[in-house]
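Undergrad: Could you work out the structure for the sequence below:
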Amino acid sequence: MAEALGKHYFGKRVYFASAGTRRGEKDAFAIAVMDELGIDMSKHKPHTFEDLEDSNFDLIVTLSPEAHHKALEFTRHFAVDVVYWPTIDPTATEGSRDHILDAYRQVRDGLLKRIEDLLDYRPMGSV
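TA: Take a look at the predicted model:
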């Protein structure tokens, strides 16, 4: 979701790439909550660190302790900042569809706010 938010609001002005610690599958709940903002994630394919085409990053943001450890290992020979934004894993949410969607919305909205704060930007109509 973070990559899609960044690309949607910043286009080519800022390079965004996402990667996980394990290869994932498309996530229908993430696609649904991003669609609520008019962002189409239906063609997004989850990647791992090893899939990244570039290692020239100014900043790597991690969302889980496992990803943070992997990013620190990945960048040990590079001059790049790595920051950790603790984020709940909405895939672990149980309950009704509405309850699960609410968990995804909380993650989406939290990521958008952090990206806006990091880049000192407020898109029109942002949450």
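
Undergrad: remind me, longest helix of this structure?
TA: helix 97-119 (DSSP state H).

Undergrad: so how far is that helix off the chain centroid?
TA: In terms of C-alpha atoms, centre = their mean, to the nearest Å, the centre of helix 97-119 is found 10 Å from the chain centre.

Undergrad: What residues sit buried inside it?
TA: 100-101, 103-105, 107-112, 114-116 (16 or more other C-beta atoms under 10 Å). (C-beta placed from N, C-alpha, C; glycine too.)

Undergrad: pLDDT weak spots in this structure?
TA: Scanning the chain for pLDDT under 70 picks out 53-55, 122-127.

Undergrad: circling back: name the residues that touch the longest helix of the chain?
TA: For helix 97-119, the external contacting residues (C-beta atoms under 8 Å, 6 or more residues apart in numbering) are 1-2, 5-6, 9-10, 14, 29-30, 32-34, 36-37, 61, 85, 87-88, 90, 93-94, 121-123, 126-127.

Undergrad: And the helix or strand harbouring residue 8, what does it pack against?
TA: Assigned by DSSP states H and E, residue 8 belongs to helix 2-10. On a contact count with 3 or more C-beta pairs under 8 Å, 6 or more residues apart in numbering; DSSP states H and E, helix 2-10 meets helix 97-119.

Undergrad: If anything else comes up later, I'll come back, but that's it for now.
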